[in-house]
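Student: Next come a sequence and a model predicted from it.
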Amino acid sequence: MSSSDKKTLFQKIWDAHVVTSIPDGPDVLYIDRHLVHEVTSPQAFAGLEKRGIGVFRTQNTVATADHNVPTINQHLPISEPLSRFQVDKLTENCRKFGVNLYGLGHPFQGIVHVIGPELGITLPGMTMVCGDSHTSTHGAFGTIAFGIGTSEVEQVLATQCLMQNKPKTMRINIEGELANGVLSKDIILYIISKLTMGGATGYFVEYAGSAIRSLSMEARMTICNMSIEMGARGGLIAPDDITFEYIQGRRFAPQGEKFEEAVAYWRTLFTDEGAAFDVEYTFDAADIAPMITYGTNPGMGIKIDETVPSLADIKEESNKASFDKSLAYMGLHPGEQLLGKEINYVFIGSCTNSRIEDLRLVAQFVKGKHKAPNINALIVPGSKQVEQQAREEGIDQIFREAGFELREPGCSACLGMNEDKVPKGEYCISTSNRNFEGRQGPGARTLLASPLTAAATAIAGKITDVRELI
Ligand SMILES: CC(C)[C@H](C(=O)O)[C@@H](O)C(=O)O
Ligand code: SF4
């Protein structure tokens, strides 16, 4: 193989999906799977209706209701009018256009980025899109998965294709062993704190290295999920035995001989030795600690035992400009220690950390303990299946005894499009992926962290270094 024949994983998947290349323009890509939710689909369906056309490949399109759904009493009509309208509109559109919907009440309903993988809809080597920035989650399977805008949603519904300029490629290697109490959420918060919020803009990232290889699929999804938070178009990880084992037997995954055939192909999905990336970074896993954010973008993160930096420590120009405003919003000041700070809200959920593995980890930690009296804790599973599994495993019971409530699935307080909001001025340790101003409710102050850090904080009633407790 000459050096020019050597391909990155990204290049291999991309090349396999180019329908046609527009000279000096974008490529037209075939899209294997299209996920749809209630927020970004109404205008797209309306556009099809206006043009008098249908959905080209309904069998490749799956919809669910997640952003606007309440997390209690899902069997009752939605009381909040806008949310009810959005969810009803999705139901109506899916019925009209013949799209498969896992709506409220369906045993497969859940956050779009949780249900795709758990149902075996997400498979290695695919192209996947959704009108949602965290579609990058699915890259954990060795998939080119990325978020698109509503007009592109219409394009894909109509043609199963999408025009795309090829992004540049970046590889991030994490080598070595993670310390006890450090989770994949800490890895990605660490990476984003190093690269900053705009550091991967224009790139598609491949995560590699021994620390990444050792992670479960759930943990890999957490990392790929947040690729977008450093501006990347998406992130992916080469599939391996851990991936194949996760997929085997899942509802819509190939079965029997078909599965073996698929695995034989999936094993070709890796970056060739010596293939070139536009940029490459390597970090030492041993340098990663439990992380927490102090500001209003996910790149404003520190190791939990560090202090809030000062303007002089900030390197990125765009962050400098908003630094003071960000700290004022958060009610924090440079040099302040976050450890030991009393906070009243904990949110465990979102497409970053609401999978069964996250819930198990939290349950294992809180078992036999009780949350502090000042803490309001919300645990929201990513899907009906996760909720069901948690109940079967007695995890709901453990949570109840520890003073937490296991809700019904949805995006919930990740972005507060339903009634799950954090009150103005209150701090919330959140396992979600965004800490923008007002993200969890007007005036709410979000501190992003791992599920273990969230759990430890809930028990102590103040920001806690989980390494001291395990
Ligand atoms: C509502 C949706 C378009 C949005 C996104 O694209 O990511 C949401 O999921 C988010 O996390 O902010
Ligand atoms: S859980 Fe949060 S980040 Fe994920 S899709 Fe829903 S709103 Fe977006």
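Tutor: It's in. What you see is a predicted model, and the numbers here were worked out from it, not measured in a lab. Ligands and ions are numbered 1, 2, ... in the order given.

Student: so what pLDDT did the closest residue to ligand 2 within the stretch 201-350 of the chain get?
Tutor: With C-beta to the nearest ligand atom as the measure, Ser350 is the residue of the stretch 201-350 of the chain nearest to ligand 2, at 3.9 Å. For the C-beta atoms, the positions are set from N, CA and C on the backbone; glycine is no exception. The predicted local confidence for Ser350 comes out at a pLDDT of 98.

Student: hang on, it is in a strand, isn't it?
Tutor: No: assessed by DSSP: H, G, I helix; E, B strand; the rest coil, Ser350 does not belong to a strand; its assignment is coil.

Student: Give me the neighbour count for it.
Tutor: 28 (other C-beta atoms under 10 Å).

Student: what's near enough to touch it?
Tutor: The contact partners of Ser350, taken as C-beta atoms under 8 Å, 6 or more residues apart in numbering, are 111, 380, 382, 411-412, 414, 430-433.

Student: okay, which residue is most central for this structure?
Tutor: Computing the C-alpha centroid of the chain and ranking residues by C-alpha atoms, centre = their mean puts Asn225 first, at 3.3 Å.

Student: tell me the secondary structure for that one?
Tutor: Three-state assignment for Asn225 (three-state DSSP): helix.

Student: what's the pLDDT at the closest residue to it other than its chain neighbours?
Tutor: With sequence-adjacent residues excluded and distances taken as C-beta to C-beta, 6 or more residues apart in numbering, Asn225 is closest to Thr137, at 4.2 Å. Thr137 is assigned 98 on the pLDDT scale.

Student: who's in contact with Thr137?
Tutor: For Thr137, the contacting residues are 113, 116-117, 145, 221, 224-225, 351, by C-beta under 8 Å, 6+ apart.

Student: try 10 Å this time
Tutor: Taking C-beta atoms under 10 Å, 6 or more residues apart in numbering as the criterion, Thr137 is in contact with 111-114, 116-117, 122, 128, 130, 143, 145, 147, 220-228, 234-235, 351-352, 433.

Student: what's near enough to touch the nearest residue to Asn173 once chain neighbours are set aside?
Tutor: For Asn173, ignoring the flanking residues on the chain, the nearest one in space by C-beta to C-beta, 6+ apart is Gly209 at 3.7 Å. By C-beta under 10 Å, 6+ apart, the contact list for Gly209 reads 171-176, 282-285.

Student: one more time with 7 Å
Tutor: 173-175 (C-beta atoms under 7 Å, 6 or more residues apart in numbering).

Student: Filter the residues you listed down to the buried ones.
Tutor: Members of the contacts of Gly209 that pass the buried threshold by neighbour count (16 or more other C-beta atoms under 10 Å) are listed as 173-174.

Student: Of the contacts of Gly209, just say which sits nearest to ligand 1.
Tutor: Sorting the contacts of Gly209 by how near they are to ligand 1, with C-beta to the nearest ligand atom, puts Ile174 at the top with 24.5 Å.

Student: Save the contacts of Gly209 as a markdown table, and put in pLDDT and distance to Ile356 too.
Tutor: Listed next are these as a markdown table, based on pLDDT from 0 to 100; distance: C-beta to C-beta, whole Å:
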| residue | pLDDT | distance to Ile356 |
| --- | --- | --- |
| Asn173 | 98 | 28 |
| Ile174 | 98 | 24 |
| Glu175 | 98 | 28 |
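
Student: Against ligand 1, how distant is Glu154?
Tutor: According to C-beta to the nearest ligand atom, to the nearest Å, Glu154 stands 15 Å off from ligand 1.

Student: how many neighbours does Tyr358 have?
Tutor: For residue 358 the amino acid is Asp, not Tyr. Burial of Asp358, expressed as a neighbour count using other C-beta under 10 Å, amounts to 29.

Student: residues in the stretch 101-250 of the chain within reach of ligand 2, list them.
Tutor: Those residues of the stretch 101-250 of the chain that sit near ligand 2, judged by C-beta under 6 Å from any ligand atom, are 111, 113, 132, 134.

Student: Now the stretch 201-350 of the chain against ligand 1: closest residue?
Tutor: Sorted by distance to ligand 1 under C-beta to the nearest ligand atom, the residues of the stretch 201-350 of the chain start with Ile228, at 7.5 Å.

Student: Which residue is the nearest non-sequential neighbour of that residue?
Tutor: Looking at Ile228 with C-beta to C-beta, 6+ apart, the closest residue is Ser133, at 4.7 Å.

Student: Would you agree the one you found is in contact with Glu229?
Tutor: No: Ser133 is not in contact with Glu229 according to C-beta atoms under 7 Å; the separation is 8.8 Å.

Student: neighbour count winner among the two?
Tutor: Using other C-beta under 10 Å as the criterion, Ser133 and Glu229 rank with Glu229 on top: 26 against 18.

Student: sorry, back to before: from the contacts of Ser350, which ones fall inside strands?
Tutor: With strands taken from DSSP state E, the overlap with the contacts of Ser350 comprises Ser430.

Student: Let's see which of the contacts of Ser350 end up in helices.
Tutor: Taking DSSP state H, every one of those sits outside helices.

Student: from the contacts of Ser350, which is closest to Glu273?
Tutor: Sorting those by distance to Glu273 puts Asn433 at the head of the list, at 32.8 Å, by C-beta to C-beta.

Student: Assess the claim that Tyr207 and Ile237 are in contact.
Tutor: Yes: counting by C-beta under 7 Å, a contact exists between Tyr207 and Ile237, whose distance comes to 5.1 Å.

Student: The residue nearest to Asn225 in helix, strand or coil?
Tutor: Going by three-state DSSP, the state assigned to Thr137 is helix.

Student: For the remainder of this discussion, apply numbering that starts at 759.
Tutor: All right, first residue 759 from here; so that's Thr895.

Student: measure it to Leu936 for me?
Tutor: Here the distance between Thr895 and Leu936 works out to 20 Å (C-beta to C-beta, to the nearest Å).

Student: quick one, helices of the stretch 1109-1228 of the chain?
Tutor: In chain order, the stretch 1109-1228 of the chain shows helices spanning 1114-1124, 1142-1150, 1153-1159, 1209-1218, with DSSP state H, counting those that start in this stretch as the criterion.
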